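A.B. asks: Sequence and predicted structure below; questions after.
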Amino acid sequence: MAAVTEDTLTKVSTDAATDFVQSFYSALQSARPTISSFYSQPSASILFNGNAVADGAAVQDIFMNQMPSAYYEVQSYDCQVLNPSYPTAAGLQPDIQGRPRGGAAAARNMSILVLVSGYVRFGEGKESFDTPNRGFSETFVLVPNPQADGGFKGRGKKHWLIQSQNFRLVV
């Protein structure tokens, strides 16, 4: 099996970060019942404005029952491969023809650091001009979902799950 190239790692991590950012912040705005599906099991390490949160279900509960509606405007995001050889059971499985996985499939067995910054406005809809924009910064570590079969773009499970998250409102 050929080694995964740096270009492949960069492409896969960039595509993963883009898909994740678009999907995750859309869910925070308009699909809050799906929030827990973004988190790895059994539990991720989650800090929300300095407060530890138990797991993805607890984050979903916060957004469903405690947070007002919100509009997120992502200004920038960046990503970096943390571990290019993240161990997963799926990474050990051969492809459909029984060959060892290589290329983009092998590159999906990595962990990725994703940094996001932007603005959030709490209140009804993005046209809510009576509430101020609040800056936010968020850091994620994404890991491959060993049960993935479709990714963010398909109907299957997400390819990437949150292993660690740190959200901060910027004052």
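C.D. replies: Now that the structure is in, tell me what you want to look at.
A.B. asks: quick one, what contacts the most centrally placed residue in the chain?
C.D. replies: With distances taken as C-alpha atoms, centre = their mean, residue 20 lies nearest the centre of the chain, 4.6 Å away. Residue 20 makes contact with 114, 140, 142, 152, 160 under the criterion C-beta atoms under 8 Å, 6 or more residues apart in numbering. C-beta: built from backbone N, CA, C; applies to glycine.
A.B. asks: Give me the lowest-pLDDT entry from the residues you listed.
C.D. replies: Across the set of the contacts of residue 20, residue 152 stands lowest in pLDDT, at 50.
A.B. asks: Walking through this structure, point out its helices one by one.
C.D. replies: 6-30, 56-65, 103-107 (DSSP state H).
A.B. asks: in this protein, which ranges drop under the pLDDT threshold?
C.D. replies: Filtered on pLDDT under 70, the chain yields the residue ranges 1-2, 89-105, 125-129, 149-157.
A.B. asks: hang on, the earlier thing: the residue nearest to the centre of the chain and residue 52, how far apart?
C.D. replies: The gap separating residue 20 from residue 52 is 22 Å, by C-beta to C-beta, to the nearest Å.
A.B. asks: ok, residues contacting the lengthiest strand in the chain?
C.D. replies: Longest strand of the chain, by residue count under DSSP state E: strand 70-83. Where contact means C-beta under 8 Å, 6+ apart, the residues beyond strand 70-83 that reach it are 9-10, 13-14, 16-18, 21, 25, 28-29, 110-123, 125-126, 128, 133, 136, 141.
A.B. asks: before we move on, what about stretch 5-16?
C.D. replies: If you take C-beta under 8 Å, 6+ apart as the criterion, stretch 5-16 is touched by 79-81, 84, 103-104, 107-108, 110, 112, 142, 159-160.
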